[in-house]
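>>> Let me see the structure of the following:
(one chain, ligands or ions: 1)
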Amino acid sequence: MPETPQQQVTLKMKLQRVNVIDSHTGGEPTRIVISGGPDLGKGDMASRRKIFQNEYDRFRSAIVNEPRGGDVWVGGILCEPTRTETAAGIVFFNNVGVLNMCGHGTIGLAVTLHHLGRIAPGNHLIETSVGDVSIYLQENNRVTVTNVPSYRYRQCVKLKLDGGDTIYGDIAWGGNWFFLAQDPQQHVTVDHIPRLSEIANQIRTALIRDGITGDDGGEIDHIELFGPADDPADSRNFVLCPGGAYDRSPCGTGTSAKLACLMADGKVAPGTTWRQQSIVGSVFEAEGKWHQDRVIPKITGSAHVNTESTLILDPEDPFCMGITS
Ligand code: PYC
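Here you go, the predicted model:
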């Protein structure tokens with residue numbers, strides 16, 4: 001403990017204070033950095049994401065990793081938008097790196113901006129690193145995200161897993177790259193999470209081993225498994241996120257990727273509501289329309305703000321920048 005007033009002042013000057021607002025969307029947490037974060041410049045969100053990735057990785061870890069967070073957390077740096085017609089810019093990240101889009105995080109961002117009094121219910125545009133998305137905020141914490149154009153890139157890809165199983169699945173883009181497995185043998189329920197994580201990790205390893213990527217060379221770092229849902233949802237999913245945690249929400253970008261596959265197969269008609277339930281039971285409603293050969297998904301879910309806080313980054317704290325192993 002500092003003993004003199006001068007020592008106390010010096011210590012306080014060394015502390016970095018970061019103001020955050022936490023919310024959860026169907027059980028999946030989002031931590032939005034409101035102030036005290038790094039200056040990422042004035043470029044578009046793709047260039048700010050690159051700066052954040054290259055120069056502020058330790059800050060990322062400090063915000064979402066233990067001891068302040070944990071593997072399941074998604075964070076976002078709230079940015080000044082580049083255009084007057086957009087409400088905000090956002091750079092998403094998680095426990096291991098930066099993210100492209102994040103559906104549950106955008107729903108969380110919408111209720112956070114409303115909580116701050118920065119947006120009113122209605123329509124708003126948000127700039128992300130993979131393009132603009134729009135949000136429609138209702139009074140009751142429900143938010144519809146019109147996501148980036150989504151599409152199936154490859155159908156029925158065969159994978160031989162290290163565990164010996166052979167699995168088939170589609171590769172689709174919904175703002176992140178997904179492998180959507182067809183594996184009727186798995187029980188997609190909470191009590192099977194360890195087995196689901198094991199299979200999903202084996203799928204991810206096999207994709208890397210076989211050099212299978214998205215059509216832009218991007219890593220397929222989200223793995224999605226499906227099973228029967230509780231009525232009235234149409235499907236229950238299990239989504240393994242890049243950092244090894246599973247999504248507690250039905251995953252907005254994963255639901256977009258699934259909808260793109262279902263619409264490509266003619267199993268869901270444009271404008272029809274399709275409900276995706278998460279492994280913990282929360283539900284997103286999805287509907288899409290075609291734009292050329294892409295699906296424009298609308299994903300609706302609810303989020304709740306649950307914490308306003310100031311994180312303290314103390315250079316004398318041995319775990320100040322998070323536990324990374
Ligand atoms: O909702 O898109 C999503 C998402 C991605 C990773 C975790 N949630």
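>>> mind checking the SS state of Ile193?
When states are read from DSSP: H, G, I helix; E, B strand; the rest coil, the local structure at Ile193 comes out as helix.
>>> Contact partners for the closest residue in space to Val96 that isn't next to it in sequence?
Here the nearest residue to Val96 in space, its sequence neighbours aside, is Gly243; by Cβ to Cβ, 6 or more residues apart in numbering that works out to 4.0 Å. Bear in mind the C-beta positions are built from the backbone N, C-alpha and C, glycine included. Residues in contact with Gly243, defined by Cβ atoms under 8 Å, 6 or more residues apart in numbering, are 71, 94-97.
>>> go on, Gly227?
186-189, 235-238.
>>> Which pair of the residues you listed spans the longest distance?
Using Cβ to Cβ, the pair of the contacts of Gly227 lying farthest apart is His187 and Ser235, separated by 14.0 Å.
>>> And these two? Which one has more around it.
Under the criterion of other Cβ atoms under 10 Å, the comparison of His187 against Ser235 puts Ser235 first, with 17 against 13.
>>> ok but Ala171 is inside a strand, no?
Small correction: residue 171 is Ile, not Ala. Yes. When the secondary structure is assigned by three-state DSSP, Ile171 falls within a strand.
>>> Thought Arg152 was touching it, still the case?
Yes. At 7.3 Å, Ile171 counts as touching Arg152 under the criterion of Cβ atoms under 8 Å.
>>> does Ile296 count as helix, strand or coil?
Assigned by three-state DSSP, the conformation of Ile296 is strand.
>>> Go ahead and confirm it touches Pro149.
Yes. With the criterion set as Cβ under 8 Å, Ile296 and Pro149 qualify as a contacting pair; they are 5.9 Å apart.
>>> joint contacts of the two?
Between them, Ile296 and Pro149 share no contacting residue, judged by Cβ under 8 Å, 6+ apart.
>>> Can you say which helix or strand has Val18 in it?
Assigned by DSSP states H and E, Val18 falls within strand 16-25.
>>> Provide the strand pairings for that strand, with the direction of each partner.
strand 28-35 (antiparallel), strand 294-313 (antiparallel) (DSSP bridges).
>>> Tell me who's in contact with Phe178.
Contact criterion Cβ under 8 Å, 6+ apart gives 171-172, 220, 222-224, 253-254, 257-258 as the residues in contact with Phe178.
>>> Need the max-distance pair from those residues.
Of all pairs drawn from the contacts of Phe178, the one with the largest separation by Cβ to Cβ is Ile220 and Lys258; the distance is 14.3 Å.
>>> The contacts of Phe178 in strands, which ones?
In strands, judged by DSSP state E, the following of the contacts of Phe178 are found: 171-172, 222-224.
>>> that older thread, pretty sure the residue nearest to Val96 is in a helix, no?
No. Note on Gly243: no helix contains this position according to three-state DSSP, which reports coil.
>>> next one: phi and psi at it?
In terms of degrees, to the nearest 10, the main-chain angles of Gly243 are phi -90, psi 10.
>>> returning to that earlier point: most packed of the strands paired with strand 16-25?
Across the strands paired with strand 16-25, averaging neighbours per residue (mean count of other Cβ atoms under 10 Å) puts strand 28-35 on top, at a mean of 23.
>>> List of residues touching that one?
Contacts of strand 28-35 from elsewhere in the structure, counted by Cβ under 8 Å, 6+ apart, are 18-24, 63-64, 69, 72-78, 90, 102, 104-105, 108-109, 112, 116, 247-249, 251, 278, 303.
>>> how about 6 Å then?
For strand 28-35, the surrounding residues in contact (Cβ atoms under 6 Å, 6 or more residues apart in numbering) are 18-23, 73-78, 104-105, 108-109, 112, 247-249.
>>> Report the buried residues of the following helix or strand past it.
Under the assignment DSSP H and E, the closest C-terminal helix or strand after strand 28-35 is helix 45-55. For helix 45-55, the buried set under the neighbour-count rule, 16 or more other Cβ atoms under 10 Å, comprises 45, 48-50, 52.
>>> Which secondary structure elements does helix 45-55 sit against?
On a contact count with 3 or more Cβ pairs under 6 Å, 6 or more residues apart in numbering; DSSP states H and E, helix 45-55 meets strand 88-93.
>>> name the helices or strands packed onto the strand it packs on?
With contacts taken as 3+ Cβ pairs under 6 Å, 6+ apart, strand 88-93 sits against helix 45-55, strand 74-79, strand 122-128.
>>> Just the CA atoms of the first one, as PDB, please.
Coordinates of each C-alpha in helix 45-55 appear next as PDB, following Å, rounded to 0.1, in the frame of the first residue of the first chain:
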ATOM      1  CA  MET A  45     -13.700  -0.600 -39.100                       C
ATOM      2  CA  ALA A  46     -11.700  -3.100 -41.200                       C
ATOM      3  CA  SER A  47      -8.600  -0.900 -40.800                       C
ATOM      4  CA  ARG A  48      -9.300  -0.200 -37.100                       C
ATOM      5  CA  ARG A  49      -9.700  -3.900 -36.500                       C
ATOM      6  CA  LYS A  50      -6.300  -4.500 -38.100                       C
ATOM      7  CA  ILE A  51      -4.700  -1.800 -35.900                       C
ATOM      8  CA  PHE A  52      -6.400  -3.300 -32.800                       C
ATOM      9  CA  GLN A  53      -5.200  -6.800 -33.800                       C
ATOM     10  CA  ASN A  54      -1.600  -5.700 -34.500                       C
ATOM     11  CA  GLU A  55      -1.000  -3.100 -31.700                       C
END
